[in-house]
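have a look; sequence and predicted model below, questions after that.
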2 protein chains.
Amino acid sequence: MAKALPKRSENYSEWYNEIVKRADLAENSAVRGCMVIKPYGFAIWEKMQRALDDMFKATGHQNAYFPLFVPKSFLEKEEEHAEGFAKECAVVTHYRLKANPDGKGLIVDPDAKLEEELIIRPTSETVIWNAYKNWIQSWRDLPLLINQWANVVRWEMRTRIFLRTAEFLWQEGHTAHATEQEAIDETHQMLGIYAEFAEGWMAMPVVQGIKTESERFAGAEETFCIEALMQDGKALQSGTSHFLGQNFARVFDVQFVNKENQLEYAWATSWGVSTRLMGALIMAHSDDNGLVLPPKLAPIQTVIIPIYRSPEDLATISKTLEPLIGQLKAAGISVKYDDSDHQRSGWKFAEYELRGVPVRLGIGMRDIENGTVEVARRDTLTKDSRPIDFSQPEAFVAGIKELLDEIQDAIYQKALDFREANTFLVDTWEEFKEQIEKGGFIMAHWDGTAETEAAIKEETKATIRCIPLLSADMAGKCVYSGRESPKRVLFARAY
Amino acid sequence: MAKALPKRSENYSEWYNEIVKRADLAENSAVRGCMVIKPYGFAIWEKMQRALDDMFKATGHQNAYFPLFVPKSFLEKEEEHAEGFAKECAVVTHYRLKANPDGKGLIVDPDAKLEEELIIRPTSETVIWNAYKNWIQSWRDLPLLINQWANVVRWEMRTRIFLRTAEFLWQEGHTAHATEQEAIDETHQMLGIYAEFAEGWMAMPVVQGIKTESERFAGAEETFCIEALMQDGKALQSGTSHFLGQNFARVFDVQFVNKENQLEYAWATSWGVSTRLMGALIMAHSDDNGLVLPPKLAPIQTVIIPIYRSPEDLATISKTLEPLIGQLKAAGISVKYDDSDHQRSGWKFAEYELRGVPVRLGIGMRDIENGTVEVARRDTLTKDSRPIDFSQPEAFVAGIKELLDEIQDAIYQKALDFREANTFLVDTWEEFKEQIEKGGFIMAHWDGTAETEAAIKEETKATIRCIPLLSADMAGKCVYSGRESPKRVLFARAY
């Protein structure tokens, strides 16, 4: 038996690292800060991609692909944007290596220096708006609703697998509109899609809100976000949607003739989610036995493990299970029948638990005699024995399909209950300082100034995660300064 | 009316560039040698990806993701590989920009120099085999069948959109096996999948063969390829599958315990196709009116254009077409109903012709009275009037489905006929030199030496595209040296 996982309660950070490793999701690569996403982890990411991509396309977006490289001069054009992204970037300065004339190996060829350095895209606003200049002439060319799935690089000093890596995978939507209102509506629409995905697919409740100025995307007029609560009481920003105003259009001179036949700058949005969602998914639901996956994102939704003593028994079980496996697949359930013979069934039980497979079916010779299957739920770690007609397993399969839906809902409900139990209305500074040490979401009044926000961060490491869209406008006094506040905002320590 | 395309017969190269541009497939970006793949072009690439990905998965492969960066020292390890790829690569030397102290703008921060330079992957053998070292211990870990969809960079001096760009998109499969035979079988299997995809989806006949030593992938023991003939008589290499022997396993020390309990180096393959296939697709089928797309890869398989004088007519037509559009979609046919009112139907006809939409339906008021639809085929540019029951269009839709299959086959057959008419058995050097100027595939005897191969290339710019797998072993005399030759090989000028 493999060593048990570290417990969440004892070492949350080690617990996370060990799940990533032992559920075979990803690993650090030899290149500092870059990860290798392993097949099992990548299969989850592919399911996320497919679901999001379908939602983007259903709302009229199309995919495209823009260059990996951003010329340095592009980054220089939007000052705030440069300030936000130039500090941590990978810079290409040469285009050739050559044999080392002094000995073995390769050296950078000094004759192959680029005239202008190229930055590996940390985000693509500049490259994309430079292209849009030629794509947009008239209001008839708008809206332009484009998304790109790509890798980006931000040279982070402290990295953490999935949560903060130098290279990561993401999608970035970049849209252009004829009116301000349309662009604002798009920003909201995409935030809504992210929330729908987080809650409906990842089974992870999120708070939708607006970022304060200090947490805004570099170059945006307004940044919206979804924030989720992790089991250690810290917040994780899980997606952002930016209203960019006419900033990038001005900088890259993207003007169009509007319906009134006047030249106008286009209105922009951008929005993205990344492989960071993998980290959120792991931390939102998993337990001390390993990963817990919501069925909608599980690469294997149901694993079937035969329990046998002899090769003859295995042959009988395998034969008996053929209709069941066929029916599960026909019902659209991804199923794995693990009849490998070099591990015991107990080892397999633990392994698939670690990997978060939502439903496990165990079948032995006695089950075949009795017409039963042992059905185990990953989320509750409970099991029961269910009747089955092995030659006509339709009714049993319908039950499994229902069970998967039930698990999807239960995982969401559990996370929601956790968040509700860990969201606190706090009205005094003493209470704030005490609660923030224990973790959770703190809803408190804030006077709206950057100074207070910075002071709170300095003293407690808590940041304003967002100004929630749905919180009621109930006036009060700032928890720090005592000044007037129109409504509560969401504080937490964050990843 | 827009200006006509250049004719293939007059300026093939300009014809290609204009199709790429006017069918809205892609464009050159501001970054030298890098392209922007526009939504319509990317939609074709997505269809290619989906079809290939399904085939890879059906044969047991899984996707994963490896870092963009290759440490310089990795590239140095395999000498031939380094020789092949180090000469044309993007080198990251710094990880930060800073404000220019002498004035405006940003400069590379000299304090942020990397200890070891990073190369943007030109291909990922080294990074992946470095990871495999930790993944492979026992024969039970094999085979390891992994694919990655990624961007790669090779610093080409002369670039051509889709065909040869500094950054391009591709998939690279990297597999590890316990035995030499298994790896060789995998190499053949993947070559077969590429051929199946090229012929079955792209409708582009290909010759499967082995590369000569001089054309082999840097670091491979054997390179297999598929070669297609373009309409200007040049060959285009459309996919490669490499048997890598134990080279990378040795260099990265990937050993496993075999069934006999002995340590052994793993056997490797790698295989890839890229956005170059987009160039092949365009050049294989398109005509002087624009793009011709095989239905299986067409983002829009059927376009419907209403022909009307008044808004009332348009409303009537739109209403009448609802069942038809619904039935086409239900039959899995991607359909676009273009009722935009700022262009005439004649303009639309030309536009969708240019974009290669396989089937165009034109419907006017008289058609509604008569119960007919005008059906136009893009590949043959022919049209006929077909009867339809607008309220129950099932029979008509079945006919369109058949027509799409027929077009897919016809496009393939046309390309095959073209190739057969342009493949020549050549037995004398005079004839060879004469024929190569006219273009086409030349099947000729070769003495098997690199010297002769180089001399032929020097004199005629023709290369040995491959030693075809299916050509008969019929001995003869080398077309250049007159020496013995066991079989004919395929010569052509190539992209």
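Looks like it arrived, so ask away.

relative to A:Ala86, how far out is the closest residue to chain B within the stretch 151-300 of chain A?
Closest to chain B within the stretch 151-300 of chain A is A:Trp155: 4.3 Å, counting by CB to the nearest CB. For every residue, glycine as well, the C-beta is placed using N, CA and C. To A:Ala86, A:Trp155 is 10 Å away according to CB to CB, to the nearest Å.

what's the overlap in contacts for these two?
Residues touching both A:Trp155 and A:Ala86 (CB atoms under 8 Å, 6 or more residues apart in numbering or on different chains): B:Arg96.

what mean pLDDT does stretch A:134-143 have?
On average, the pLDDT along stretch A:134-143 is 97.

neighbouring contacts of that stretch?
The list of residues contacting stretch A:134-143 from outside it, by CB under 8 Å, 6+ apart, reads A:144, A:175-178, A:182, A:186, A:254-259, A:266, B:27, B:342.

where does the stretch 1-150 of chain A dip in pLDDT?
A:1-2 (pLDDT under 70).

would you list every one of the strands in it?
With DSSP state E, counting those that start in this stretch as the criterion, the stretch 1-150 of chain A has strands at A:26-28, A:35-37, A:62-63, A:69-71, A:91-94, A:97-99, A:106-108, A:113-120, A:144-153.

will you turn those into CSV that also has distance to B:Leu469 and mean neighbour count?
Converted to CSV, the strands of the stretch 1-150 of chain A look like this (distance: least, CB to CB, whole Å; neighbours: other CB atoms under 10 Å in any protein chain shown):
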stretch, distance to B:Leu469, mean neighbour count
strand A:26-28, 39, 20
strand A:35-37, 35, 26
strand A:62-63, 36, 18
strand A:69-71, 39, 24
strand A:91-94, 40, 22
strand A:97-99, 36, 18
strand A:106-108, 36, 18
strand A:113-120, 41, 18
strand A:144-153, 36, 21
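
next, count neighbours for A:Asn247.
Counted with other CB atoms under 10 Å in any protein chain shown, residues neighbouring A:Asn247 total 19.

how far off centre is stretch A:240-256?
Computed by CA atoms, centre = their mean, to the nearest Å, the chain-centroid distance of stretch A:240-256 equals 26 Å.

that one vs chain B: in contact?
No - judged by CB under 8 Å from any CB of the partner chain, stretch A:240-256 and chain B are separated, with a smallest distance of 10.3 Å.

so which bits of that stretch are buried?
Using 16 or more other CB atoms under 10 Å in any protein chain shown as the test for burial, stretch A:240-256 gives A:240-249, A:251-252, A:254-256.

quick one: which two of these are the most distant?
Spanning the widest gap among the buried residues of stretch A:240-256 are A:Thr240 and A:Gln255, at 27.0 Å by CB to CB.

and the helices in chain A, which stretches?
Ranges of helices within chain A are A:12-22, A:39-58, A:72-77, A:79-85, A:125-135, A:180-200, A:247-251, A:276-285, A:311-330, A:345-354, A:365-370, A:394-421, A:429-438, A:450-460, based on DSSP state H.

make TSV out of the ones you listed and add distance to B:Ala455.
TSV is the format used below for these (distance: least, CB to CB, whole Å):
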stretch	distance to B:Ala455
helix A:12-22	56
helix A:39-58	47
helix A:72-77	46
helix A:79-85	53
helix A:125-135	46
helix A:180-200	61
helix A:247-251	56
helix A:276-285	55
helix A:311-330	58
helix A:345-354	60
helix A:365-370	72
helix A:394-421	67
helix A:429-438	78
helix A:450-460	73
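
let me know which of those is the nearest to A:Leu106.
A:Leu106 lies closest, by CB to CB, to one member of those: helix A:72-77, at 25.0 Å.

check the offset of that closest one from the chain's centre.
Put simply, helix A:72-77 sits 29 Å off its chain's centre (CA atoms, centre = their mean).

tell me if that helix is near chain B.
Yes - Helix A:72-77 reaches chain B (CB under 8 Å from any CB) through A:72-76.

show me what contacts A:Thr126?
A:Thr126 makes contact with A:70, A:74-75, A:77-78, A:81, A:248, A:251-252 under the criterion CB under 8 Å, 6+ apart.

what do you get if the cut-off is 7 Å, keeping everything else the same?
A:70, A:74-75, A:77-78 (CB atoms under 7 Å, 6 or more residues apart in numbering or on different chains).

ok, so of those residues, who is nearest chain B?
Taking CB to the nearest CB as the measure, chain B sits nearest to A:Leu75 out of the contacts of A:Thr126, at 6.5 Å.

circling back: let's have the strands of the stretch 1-150 of chain A in CSV, adding distance to B:Glu115.
Output for these, formatted as CSV (distance: least, CB to CB, whole Å):
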stretch, distance to B:Glu115
strand A:26-28, 17
strand A:35-37, 20
strand A:62-63, 37
strand A:69-71, 23
strand A:91-94, 15
strand A:97-99, 16
strand A:106-108, 13
strand A:113-120, 18
strand A:144-153, 17
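
to B:Trp271, which of those strands lies closest?
strand A:35-37 (19.7 Å).

name the residues that touch that closest one?
Contacts to strand A:35-37, defined as CB under 7 Å, 6+ apart, come from residues A:26-29, A:45, A:161, A:165, B:64-67, B:131.

could you check how far the residue of chain A positioned farthest from its centre is from chain B?
Distance from the C-alpha centroid of chain A, by CA atoms, centre = their mean, peaks at A:Asp102 (47.9 Å). Distance from A:Asp102 to chain B, counting by CB to the nearest CB, to the nearest Å: 14 Å.

spit out the contact partners of whichever residue of the stretch 201-350 of chain A sits closest to chain B.
Nearest residue of the stretch 201-350 of chain A to chain B, counting by CB to the nearest CB: A:His342, 6.4 Å away. When contacts are counted by CB under 7 Å, 6+ apart, A:His342 touches B:Arg140.

dump the contacts of strand A:35-37 to TSV, plus distance to B:Arg121.
Output for the contacts of strand A:35-37, formatted as TSV (distance: CB to CB, whole Å):
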residue	distance to B:Arg121
A:Ala26	18
A:Glu27	18
A:Asn28	17
A:Ser29	12
A:Trp45	19
A:Ile161	20
A:Thr165	16
B:Ala64	14
B:Tyr65	12
B:Phe66	8
B:Pro67	8
B:Ala131	13
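
now A:Val359: closest residue in space, sequence neighbours ignored.
The shortest distance from A:Val359 to any residue other than its chain neighbours is 4.5 Å, reached at A:Thr302 (CB to CB, 6 or more residues apart in numbering or on different chains).

which strand residues bridge the one you found?
Beta-bridge pairing for A:Thr302 (DSSP bridges): A:Val335, A:Val359.

what about it, how many residues nearby?
A:Thr302 - counted by other CB under 10 Å - has 26 other residues nearby.

one more: A:Thr449?
Here the number of neighbours of A:Thr449 (other CB under 10 Å) works out to 14.

mind listing what it touches?
By CB under 7 Å, 6+ apart, A:Thr449 has no neighbours at all.

need the contact list for A:Glu199.
Residues in contact with A:Glu199 (CB under 7 Å, 6+ apart) are A:205-206, A:412.

which one of the residues you listed has the most neighbours?
Using other CB under 10 Å as the neighbour criterion, A:Val206 leads these with 26 neighbours.
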